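[1] Dropping a prediction and its sequence here:
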Number of protein chains: 2
Amino acid sequence: MAAEAEDTLPDTGLSLDYGNFMAPRLPEGGVDPELLQGPMVRDFARAHATVQEARERGEMGFFQLPYQRESAAAVRDVADSFGQWFEDVLVLGIGGSTLGTLSVRDALLGRGWNELSLEERDHFPRLHVLENPDPAAVSQVLDRLDLRRTLCNVVSKSGSTAETMAQLLVVEGRLRELVGEEKARGHLLLTTDPERGDLRALAREKGIPALPVPPNVGGRFSVLSPVGLLPAAVTGVDVDGMLDGAARMEARCAVPELPKNPAGLLAVLLHHADRELNLPIHVLMPYTEGLRSFRLWFQQLWAESLGKLRRGDAGDEPVGPTPVGAVGPVDQHSLLQLLMEGPRDKATIFLGVREVDDPVLIPNLHGERGSMAYLGGHTLKALVDTERKATAEALRRAGRPNLTLEVERLDAPAMGGLFMLFQIATVYAGALYGVNPLDQPGVELGKELTYGLLGRQGFSAPDLLEPDPRWSV
Amino acid sequence: MAAEAEDTLPDTGLSLDYGNFMAPRLPEGGVDPELLQGPMVRDFARAHATVQEARERGEMGFFQLPYQRESAAAVRDVADSFGQWFEDVLVLGIGGSTLGTLSVRDALLGRGWNELSLEERDHFPRLHVLENPDPAAVSQVLDRLDLRRTLCNVVSKSGSTAETMAQLLVVEGRLRELVGEEKARGHLLLTTDPERGDLRALAREKGIPALPVPPNVGGRFSVLSPVGLLPAAVTGVDVDGMLDGAARMEARCAVPELPKNPAGLLAVLLHHADRELNLPIHVLMPYTEGLRSFRLWFQQLWAESLGKLRRGDAGDEPVGPTPVGAVGPVDQHSLLQLLMEGPRDKATIFLGVREVDDPVLIPNLHGERGSMAYLGGHTLKALVDTERKATAEALRRAGRPNLTLEVERLDAPAMGGLFMLFQIATVYAGALYGVNPLDQPGVELGKELTYGLLGRQGFSAPDLLEPDPRWSV
């Protein structure tokens, strides 16, 4: 790598260390470095071209989101105008409509945001995310909220998601009881397709404000569209910073040279781990509570994009890795035993944060106790970082491949960068697996059966098998 | 099964339907019903005997916890005496010390407990669980809490867990600054081994109140010991009801006849799925937010108990299924695509709740919109149940084995029953896999490296490999 070439690549603040994937550093089963010189470079060149063609056909709108600043400014305007009227924002949505927002909340607002005072929140509203139509969860949120002071952001790309429509009907019903039909509409903000679907039709007909999700941006790739930007903007998150970070990562991951492309390396190494090394389980383990929801965002992205029937001349082959989300160091006390001594079917991605605002000094107390003495004088930050490095080293010694990503700080640009990095890695991986990373045909059957059972027009009720007394207890 | 025999078994309110595991109901790859008549019955008889012997040797203390009512009454007394003095309870712990408490909180208090008013909480304190020594997470909790009105329950069986000791030192340091060294102790309540370890020594020397974890009860089996009972009792959870439900499940799962034993069936079918059907990934998918943390409790239990090197004459074999926790119907929008069309390497356990307090009626609004019309008049409960059944049926049609557990209501007896069911299934499964479900030797190397890096006496610092510039970006 020439230094000049390096200098032209934008600084994303992100590093990827994949030494613990490589032979002979990984004592057994590591990747032959020669592969990285030849075959993997060629595989990646093909994947890069496939993605480039799909972009040029306009199928992968998420790549463009960091550059659509007018759209982002429009979202901010809406957020500003609404934000000042409401004390609470309630997001109704599921899956890709909420996982990005939950990730941003955990990383940038902190999980205790709603317990802060108005001053501590800088006069920004509380944020509630109702993913699940579970009646107890819905009741708990609605009982706690004063709907008269609440903005409901209803998020569904298709404008027809069953769970989200059901939540909307329940919430709108309550609002109508409280403030009447007309005023109820003033509490709604819809985020949906710019043209199609029932939410868009509702917006047009009843004059409900609505934000567009670009037609070529699917749910799990939509966090940098109004889907994720509105809840971020309304709670004061630095939306431009997030888009700046995403743009730098987009440029960084566009380069066709594999060794310079972190998204390409992630895709190539994890695809190779699954298909060649028999490691189909991919564990993402960030060492910070701030990325607790991000691990679930990754899980959806990786599972729903890559878990597919690959069409082939010899028939369809089911492919796709199984993502598992973990949080360090907590899950050292849950999954690590399995990662160390269980079947060799896993690759682990560690994610660390280099700088934090307050590393929190551990005081020197109880120095006469062996289990406490060594901790005093270190910081909690050092403890967490040390555990991450020790765990990666323990896995390496046990011959278990692992990668380490680090970001500079857990701020808005880093989050934008992480979203973009994994989205790009996912579409490269889709090309390597030979599947379309943008569809999800496997979820249709369950939807159709649900529609039939609930009596939706045009769907017939299936006969569900009764429990067989021989096989139940 | 004779009706008389059935009548003598306690009613746990739990059902298990495993029809979608069986051939020919499962169109391909189902379990041959003949196996359930012969080989599986014999395998289970052996596993049952192995567990029985371990119980008799006193190694599996968790079986006895529902019957130790004097110990539970003592916990309640401590909770009562402390509870009235404190507005907030902060639990410091990690892994098995907190996953049970988080499960009880989600299921029985609701996730919004801390946002309720004192009256709505019936004057019980708020509950904060600090699992992670992550400095940002610790700062956020400590900034929000008034430590002068907070009880800190420090939970560590060994009395030496690094993350928990670090949290204790930080919190005790803050308390000393606020109220002085002596009064600081009055805010601490330690839950640890009755004899050994630094926390017990501290309790003895400084007169800090402490509750015992029975020596033969390990962290991941400790939710029904003072580890889980104290936080439950102090927030007004019906601890006796939880133990009653656990006792009934214990009796139900003690019967040696496989077809009558739900824990035995879970263990035998899931072990068979892994070892014979090549389905090593076990997905637990409760259809209720109330079991959001329970899925993580299960993940720890199943992973850390069964993911082991199995000692054999021909060498050690790494074994153990990989548990994945999901929440329905949310994760239909995340993992379902992979479950339906990805590799055939998974078995799914659905978990439903038959009765809820308020099923929440969906009002008839926007009846002219096809995606909303069919929902009006149903309840959210019906939507969630229907989605669960439709998803199980869709998986069955796709030839993907799945089981369904149902509990009557999500109350204290049901939670006690669920904890006991999965704990017993785990030790039966341990016997079937031929591993010790109670140890976790694989986590030691990472701990030792951490101690060495932090300079703990008696441990030498390892040389960590520097990132190799060839393999980093």
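    Ah, there it is. Values in this document were obtained by computation on a predicted structure and should not be read as measured data.

[2] Find the closest residue to chain B in the stretch 51-200 of chain A.
    Relative to chain B, the nearest point of the stretch 51-200 of chain A is A:Gly95 (2.6 Å; CB to the nearest CB). Where C-beta positions appear, they are placed from N, C-alpha and C, glycine not excepted.

[3] what sits against that residue?
    A:Glu131, A:Gly219, A:Arg220, A:Gln300, B:Val330, B:Gln332, B:His333, B:Ser334 (CB atoms under 8 Å, 6 or more residues apart in numbering or on different chains).

[4] Rebuild those as a markdown table, extending it with distance to A:Gly325 and secondary structure.
    As requested, these are exported to a markdown table (distance: CB to CB, whole Å; DSSP: H, G, I helix; E, B strand; the rest coil):
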| residue | distance to A:Gly325 | secondary structure |
| --- | --- | --- |
| A:Glu131 | 15 | coil |
| A:Gly219 | 18 | helix |
| A:Arg220 | 14 | helix |
| A:Gln300 | 10 | helix |
| B:Val330 | 14 | helix |
| B:Gln332 | 17 | helix |
| B:His333 | 15 | helix |
| B:Ser334 | 10 | coil |
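
[5] quick one on the thing from earlier: pLDDT value on the residue of the stretch 51-200 of chain A closest to chain B, please?
    Confidence at A:Gly95, expressed as pLDDT, is 97.

[6] And A:Gly370, by the same measure?
    96.

[7] Would you agree it is in contact with B:Gln457?
    Yes - with contact defined as CB atoms under 8 Å, A:Gly370 reaches B:Gln457; the gap is 6.5 Å.

[8] Which of the two has more residues huddled nearby?
    A:Gly370 (14 against 8; other CB atoms under 10 Å in any protein chain shown).

[9] quick one, what contacts that one?
    Taking CB under 8 Å, 6+ apart as the test, what A:Gly370 contacts is B:Ser160, B:Asp198, B:Arg456, B:Gln457, B:Gly458.

[10] What values do phi and psi take at the closest residue to the third one other than its chain neighbours?
    Taking CB to CB, 6 or more residues apart in numbering or on different chains, and ignoring the residues beside it in sequence, B:Arg456 has A:Tyr374 as its nearest neighbour in space, at 3.7 Å. The phi/psi pair for A:Tyr374 (degrees, to the nearest 10) reads phi -70, psi -10.

[11] Report whether the strand ranked longest in chain A contacts chain B.
    Ordering each strand of chain A by length in residues (DSSP state E) puts strand A:346-355 first. Yes - Strand A:346-355 is in contact with chain B by CB under 8 Å from any CB of the partner chain, via A:Lys346.

[12] Pull up the gap between the residue sitting nearest the centre point of chain A and A:Asn216, please.
    Residue closest to the mean C-alpha point of chain A, counted by CA atoms, centre = their mean, is A:Trp297 at 2.4 Å. Distance, A:Trp297 to A:Asn216, by CB to CB, to the nearest Å: 20 Å.

[13] Need the nearest residue in space to A:Ala203, chain neighbours excluded.
    A:Ala203's closest residue in space is A:Ala210 (CB to CB, 6+ apart), at 3.7 Å.

[14] For chain A, give me the ranges with low pLDDT.
    Along chain A, segments meeting pLDDT under 70 span A:1-7.

[15] Which residue ranges make up each domain of it?
    As recorded under automatic domain parsing, the domains making up chain A are A:3-54+A:243-438, A:68-237.

[16] Tell me the span between the first and last residue of the last one.
    The one in question is domain A:68-237. 17 Å (CA to CA, to the nearest Å).

[17] so does the one helix or strand A:Val141 maps to get close to chain B?
    Using DSSP states H and E, A:Val141 sits in helix A:135-144. Yes - against chain B, helix A:135-144 shows contacts by CB under 8 Å from any CB at A:Pro135, A:Ala136, A:Ala137, A:Val138, A:Ser139, A:Gln140, A:Val141, A:Arg144.
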